[in-house]
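[1] My questions are about this predicted structure, shown below with the sequence.
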Amino acid sequence: MAKKKPTHKRQSIRHIKTGKSPGTVTYLGNRGGVKSLVNIMEYNKQDIKESTIDVYEPSNFNKIIEHKVSLSTSWINVIGISDEKFIENLGNSLSLNPLTTEDVVNTHQRPKIDEYDHYIFGSFKMLYVDENSELVTEHLAMVLMENTVLVFQELQEDVFNSVRERARHKTGRIRTKNADYLFFALLDAIIDNYFVVLENVNQKIDYLEEEIYDNPSPKTAHAIQDLKKEILRIRRYIYPVKELISKLMDTEHALISDDTKLFLRDTMDHCTEINESLNIFREMSMSLMEMYMSNMSNKMNEVMKVLTIMASIFIPLTFIVGVYGMNFEHIPELKYPNGYFYVWGLMIVIFIGMLFYFKNKRWL
Amino acid sequence: MAKKKPTHKRQSIRHIKTGKSPGTVTYLGNRGGVKSLVNIMEYNKQDIKESTIDVYEPSNFNKIIEHKVSLSTSWINVIGISDEKFIENLGNSLSLNPLTTEDVVNTHQRPKIDEYDHYIFGSFKMLYVDENSELVTEHLAMVLMENTVLVFQELQEDVFNSVRERARHKTGRIRTKNADYLFFALLDAIIDNYFVVLENVNQKIDYLEEEIYDNPSPKTAHAIQDLKKEILRIRRYIYPVKELISKLMDTEHALISDDTKLFLRDTMDHCTEINESLNIFREMSMSLMEMYMSNMSNKMNEVMKVLTIMASIFIPLTFIVGVYGMNFEHIPELKYPNGYFYVWGLMIVIFIGMLFYFKNKRWL
Amino acid sequence: MAKKKPTHKRQSIRHIKTGKSPGTVTYLGNRGGVKSLVNIMEYNKQDIKESTIDVYEPSNFNKIIEHKVSLSTSWINVIGISDEKFIENLGNSLSLNPLTTEDVVNTHQRPKIDEYDHYIFGSFKMLYVDENSELVTEHLAMVLMENTVLVFQELQEDVFNSVRERARHKTGRIRTKNADYLFFALLDAIIDNYFVVLENVNQKIDYLEEEIYDNPSPKTAHAIQDLKKEILRIRRYIYPVKELISKLMDTEHALISDDTKLFLRDTMDHCTEINESLNIFREMSMSLMEMYMSNMSNKMNEVMKVLTIMASIFIPLTFIVGVYGMNFEHIPELKYPNGYFYVWGLMIVIFIGMLFYFKNKRWL
Amino acid sequence: MAKKKPTHKRQSIRHIKTGKSPGTVTYLGNRGGVKSLVNIMEYNKQDIKESTIDVYEPSNFNKIIEHKVSLSTSWINVIGISDEKFIENLGNSLSLNPLTTEDVVNTHQRPKIDEYDHYIFGSFKMLYVDENSELVTEHLAMVLMENTVLVFQELQEDVFNSVRERARHKTGRIRTKNADYLFFALLDAIIDNYFVVLENVNQKIDYLEEEIYDNPSPKTAHAIQDLKKEILRIRRYIYPVKELISKLMDTEHALISDDTKLFLRDTMDHCTEINESLNIFREMSMSLMEMYMSNMSNKMNEVMKVLTIMASIFIPLTFIVGVYGMNFEHIPELKYPNGYFYVWGLMIVIFIGMLFYFKNKRWL
Amino acid sequence: MAKKKPTHKRQSIRHIKTGKSPGTVTYLGNRGGVKSLVNIMEYNKQDIKESTIDVYEPSNFNKIIEHKVSLSTSWINVIGISDEKFIENLGNSLSLNPLTTEDVVNTHQRPKIDEYDHYIFGSFKMLYVDENSELVTEHLAMVLMENTVLVFQELQEDVFNSVRERARHKTGRIRTKNADYLFFALLDAIIDNYFVVLENVNQKIDYLEEEIYDNPSPKTAHAIQDLKKEILRIRRYIYPVKELISKLMDTEHALISDDTKLFLRDTMDHCTEINESLNIFREMSMSLMEMYMSNMSNKMNEVMKVLTIMASIFIPLTFIVGVYGMNFEHIPELKYPNGYFYVWGLMIVIFIGMLFYFKNKRWL
């Protein structure tokens, strides 16, 4: 029951969008109803300035726009994207294409990179494992403009703290570079976190493998199926990224310098490694079900052996005692003084013979 | 029995066509025998005019043709394509290639885009879920000409209401654009609806998964197989669309403006997402059968355990009581005053021992 | 036994060929020993002339060759290709390359198109379903020359009657076109028939599906395997055709006009559809075996449940009656006046308890 | 045990090579220790001369070299390649690259074609079925030089007798052609023999299929697995050949004439056919195991049915006779004069009822 | 338990890196805490000089750098890469890009080749089987510079002894060649060792196959799964190498001479062979589980047959003796003087009949 609800929800959300004109800004996520918040980090080789702006004061709104024209590099970080009105205004002020603004809030958007004349738009999924070892998926949109990187994220939490730290240290390489390096650094941070997610998947596979050997239950099959689906989902978010990085490396857009492309080559390698891991995990998750089935088969064999041994030993013996339970008037053996003990002797011989037989078949 | 009939029907319909000269207009669908109906929507920035025309009055027929030469954009919507004669006339009047007219009524046509000198022809499948949650497939043909989009559909119902609504609002972007944007908007509406169909499939997968865990029956296996076939069928209708959009984006045909190609890029992204979903659904439907088999295996194990436990406990006990049912003249135990109770004691010990044994094996 | 014979035969036939010089005319089929027969249909816009020629009269032989130089379009149809001598002579007279003549009679030839300076050679498989619903495979070779199409077929029966009919009607488009259109029309007729063959396969799949649900037997598994092999075989004959058509469309050979290429584009679409169907059938035939296995599993479960229920109910009861069949001198219950009925009561309680237990487990 | 030895051997042989400098001539096969033998066939349109040379006489050695410069075409056939010294000398005398000479004796070499300035080197596997229906694999190296084809083979037996026969007949096309045609003819003979090998595989598949239906045993599963491995091995030897032929057809090396390329096109078709067969065999061998499993399942079902029927019929009957074996003092039925016959009546009714029940379930 | 620890470790090690700036030198391996050691081998046609340097003496450090400028070829072999500080210094002194230095110590690096202006960087995995038949994986980084090859390895043990031997012999080809040939020779030695690793895998497959036939146990299934994972892991290390070699062959970097590219063509062939083997092993490992399942099925069948035979024979017999154990007052047979023997006769007939029945079914 509970399982089906999210699906219904997702459908209705999709329905909101079906039929709307392209370029309509419609938030599709389930983290709505919160006000947006903007963090700005502005830096050059010498200085760094961080500020948080209440965007609902008109004067402040213009401050965001101004950053675009300053000489130093600005990182404008918008947290919370469910306020469609605000996002649309911001997009218009920065002269983003309506299709871009639509994608900023489209949390179902597949990872993509779109190049426009004066900016490059990228949409990605931040994946991270929260304190409960649950996988969190967060939609992220980034716009690289002259001197400015605009980041839209759904939640306060993100994977960018390491980038912030490096920017705050005057000696960090990031301080000597332009906005395109910042764009790369953020992308790199996202992709670095994919490794952590993959390790989490790897642990789950190891754990399930142990469970299959030690104590498989129908719940294990359930968990394998859930893992398979999780891998398919992660794959969907992560797999296209490699192609996008490759697209960025081949671009001739003026905003990406050759220097940054060298760093992207490294990121590209990471993506290749990640995609290979995903393929391996997929194969391994398929093997898990096979293992589970073979284990079920083993257990069944064991059960059947117990039954067969018990039945094969006692059914003939029961037959023998049945014979001497018959009420015929003339059964000569019944008259033997030691008949009873002879029968016991016979039965013990049969019993031991059977044990040897099964021992021989390695069923015992 | 009932299942095989549609197949027979389909075959005979195909047979109608086998052997005919290419370019022969032959309706292959099963929604025949109805008169065609034409809705016309004509608009420009200022005005919009909607009308329904009875095409079987000769004077009216020419009205359709005239629309082609007016300055405003016309959307000529033909409903019902089983009247081969009418379709052929219309095609000739608009100087469509006979091969095009043939494809207009060929409901078995795979999705395709064909470019001719003065028009672009597209054939697609409208898929939507009706009120009974049944999937409806409707053949659709579209012709983009100068100032005009010609649409042929089988049934009254379609997925274009949202486009109509947007056209009726003076502020809609569609009113400021040319016929190629209308063509795109209709295509976009079709593809948007594919998402709804996919969600429907997704729900079925979720539902079957629950059924497999809770109460699998041979009917479940049946339903899994049907789902697999439905996914294969949907895939067949939807999968080629991505390539067609890509073809449209790369075309140098004068009828498609660069502006519209930007919107097509977005549609292209949707197609990629849809095709990925289809692949995921395919994998998941294959996993379902695996799950079902593993569940069958679990149930079998459970059945066997019950049998084995019952048999293993009572067969030895039955043997014991058999022993003392023998009629030997000299069975010393039978003479013991408490022999009967000793035997009960022995049997209870065996019984409890067996329980411990199976408890230990985790079969209980 | 009977099954292996054709294989042996096929091997020995292949052996005939192994080691021969390339270009040697060797008939490999199993429809040998018949005299060849030639039907000629000669037509232009005004006239049509049909004749059957006994090629074993020398004067007639030259008549065939003469057709090549007449102005009207000739369709020379050779029926029966096991007379290697005649085929070789004909090939030489028409200056065909020896490799071509070899392929004309090589019934094991994979579909192919070879272009030579003054002709285009094509080898295909005609597939059709005969009156016994058996699939018939017939090797077919076609040569497109200036004004002439030369067709070689193994049997009288073919799929070209519709083309003949259309040629006999003065208004048929075929009469206004050249030999390349005839070549296309024949190809189109062959491919149209593939649809009928595929529908036949589709029906077999439907039929097997029903059999699996209703009454699976080892014979069903046999039939599934046979179907798989049939699909693999059909696939082998049909799959390469798409690529060949595409080759024809891209050719710059003078014998194929641009007009005909437009028609080939349509045929190409059909091939794509056919190949998609073949892939779907392949997947479905693989699912069939899965279904069969799951059904076997279901049946086994059912059998085991019956056994388990019977055994679980009666084994304990038999134990109880065994207890009171013991011959101890002091069994107090035996003395009770109603002891017998008490035992019956106890047994009925156990019986009903068991029924409830199994009902609860949904085994009943 | 015996099975693992060849593996060890193969490993140690590989070990011989590991660490050696590239270009070192090291024989890796297991047909070592024999002296090499050289057959020479020299022919032109008019004459043909065959000779066998003892290469261990120095004067003879030069004779081999001289052949290269004569005007007629020479086929130098070296039999036995385990004499590394001799092969190295021969290679040097004919100015072959050391890497070529290494490959001549490297029996583990994957099929390949390498082009050098003055010669073309090819390495293939001759596969044939010997009189015991065992598959024999023989390493073969061929060098095409001006006027000369140099062939290295491991054993006396080969697949070239048909080529020799054709060369001996003055009218054979081969006599009118150059060395490149001889090279092609040998290649063609090798590939022709692949068909025989494939037919052998096909027969094994047919045979196993019958065995699965008629009398499957664990040995059958073993045979299926062996067949799978054989197909994988053959595939490894044969599959790359197609690509090599295609490379030969596209080469611009002066040694291959356009005329010969036309013949290669034919060989290419054969390779395509062979590779398709290999793929089909692979699929069929995978189906075999599925069939085997389904058959096991059927047999298990049959066994279980026998058990269930026997147990279900006799367990209740045994319970009934047990009831009247109880020793209660007051069992009214025991006193009935016909009680015994009534009980028999009841039991017969139950027996027949059971038979009907199982008949109804189609278990009988 | 023990199994999960390495995973945890790996994760934490990865965590060390997550968030660090790209180009940071961080050792990720588990062979840390050892001082680095440098072996230098310097040679030209005439001389060879080998030395081991304690790099922690400042004067020595410069010696390493000097080697780069000498005229002879230097092979600088750094053993132990966990001293991040030293590696970073060395990298800087030789003006390696920081990204290169990072990759030198990144033991998780996927095999790669990066070209820079004045050097070519390669990262590979050395795989070898140690004395306990355990697979050892060692990270290896190689830098090809003018006159110098710089090698970084984790452990003392490596696969380069054969190269060292060849360099020490004055006649070795390696002495006459430049640094690029040395680079090739090292690569070739690594790849040669992959064959040994593959043979080890092959033996494991053979061994498991035997175990499956002779004595399968749940541990066998475990071993199959482990083998599958090992193959996936080896594949990950080895598979990309082919592409890298191909990249090297196509490079136009001045450091790689055409002469060396000819040798690389040979290495390329080896890589193709290795990758084919890997694919075959993957298929075979998948077949193993299938075999295991079919064997389980066979064993189950055997168990069930024993049970069914025992039960089918003795259950009816037990019923018969039960009949004559009934206490009816009037059971005529009981009075027959030879009744007891008649019953035995009947039972023996049934017994033998049953044996024939099962013999007939081939269950015995």
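    Nice, thanks for sending it over.

[2] For A:His270, which non-adjacent residue is closest in space?
    In this structure, A:His270 finds its nearest non-sequential neighbour in A:Ile191, 5.5 Å apart by CB to CB, 6 or more residues apart in numbering or on different chains. In short, each C-beta sits where N, CA and C put it, glycine included.

[3] ugh, typo on my part, it should be A:Val104
    Nearest one to A:Val104, counting by CB to CB, 6+ apart, is A:Ala141 at 4.3 Å.

[4] Tell me which strands the one helix or strand that neighbour maps to pairs with, and in which orientation.
    Element membership for A:Ala141, per DSSP states H and E: strand A:135-145. Paired with strand A:135-145 in the same sheet, following DSSP bridges, are strand A:120-129 (antiparallel), strand A:148-153 (antiparallel).

[5] and the gap between A:Glu243 and D:Glu290?
    A:Glu243 is 37 Å from D:Glu290, where distance means CB to CB, to the nearest Å.

[6] The two: which has the busier surroundings?
    Higher neighbour count among A:Glu243 and D:Glu290: D:Glu290, with 20 against 15, using other CB atoms under 10 Å in any protein chain shown.

[7] Now do the contacts for the more buried one.
    Residues near D:Glu290 by CB atoms under 8 Å, 6 or more residues apart in numbering or on different chains: C:Met289.

[8] Find the helix or strand that it is a member of.
    Here D:Glu290 is assigned to helix D:258-323, by DSSP H and E.

[9] Tell me, how many residues neighbour the nearest residue to A:Phe314 once chain neighbours are set aside?
    Spatial nearest neighbour of A:Phe314, excluding adjacent residues (CB to CB, 6+ apart): B:Ile315 at 4.5 Å. Residues near B:Ile315, counting by other CB under 10 Å, number 21.

[10] Distance of B:Ile315 relative to chain E?
    B:Ile315 sits 10 Å away from chain E, taking CB to the nearest CB, to the nearest Å as the criterion.

[11] Pick out the residue in chain A sitting closest to chain D.
    Chain A approaches chain D most closely through A:Gly325 (6.9 Å), counting by CB to the nearest CB.

[12] which SS state does that residue fall under?
    Using DSSP: H, G, I helix; E, B strand; the rest coil, the structure places A:Gly325 in coil.

[13] Let me see the contact set for the residue nearest to A:Phe314.
    Contacts of B:Ile315 (CB under 8 Å, 6+ apart): A:Met310, A:Ala311, A:Phe314, A:Ile315, A:Thr318, C:Ile315.

[14] Tabulate these (CSV), appending pLDDT.
    Putting these into CSV (pLDDT from 0 to 100) gives the following:
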residue, pLDDT
A:Met310, 93
A:Ala311, 93
A:Phe314, 94
A:Ile315, 93
A:Thr318, 94
C:Ile315, 93
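
[15] Up against chain B, what does the stretch 251-364 of chain A have?
    For the stretch 251-364 of chain A, the residues in contact with chain B (CB under 8 Å from any CB of the partner chain) are A:289, A:292-293, A:296-297, A:299-300, A:303-304, A:306-307, A:310-311, A:314-315, A:317-318, A:321-322, A:324-327, A:331, A:333-340, A:343.

[16] buried set for stretch A:165-175?
    Across stretch A:165-175, burial judged by 16 or more other CB atoms under 10 Å in any protein chain shown covers A:Arg166, A:Ala167, A:Gly172, A:Arg173, A:Ile174, A:Arg175.

[17] Now do that stretch, average pLDDT.
    Averaging pLDDT along stretch A:165-175 gives 84.

[18] now check that stretch, is it near chain E?
    Yes. Stretch A:165-175 comes into contact with chain E (CB under 8 Å from any CB), by way of A:Glu165, A:Arg166, A:Gly172, A:Arg173, A:Ile174.

[19] These in helices, which ones?
    Judged by DSSP state H, the residues of stretch A:165-175 next to chain E include A:Glu165, A:Arg166 as members of helices.

[20] which residues does the residue lying closest to A:Lys261 once chain neighbours are set aside contact?
    Distances taken as CB to CB, 6+ apart place A:Met249 nearest to A:Lys261, at 5.3 Å, with adjacent residues excluded. By CB under 8 Å, 6+ apart, A:Met249 lies in contact with A:Lys261, A:Leu264, A:Arg265, A:Met268.
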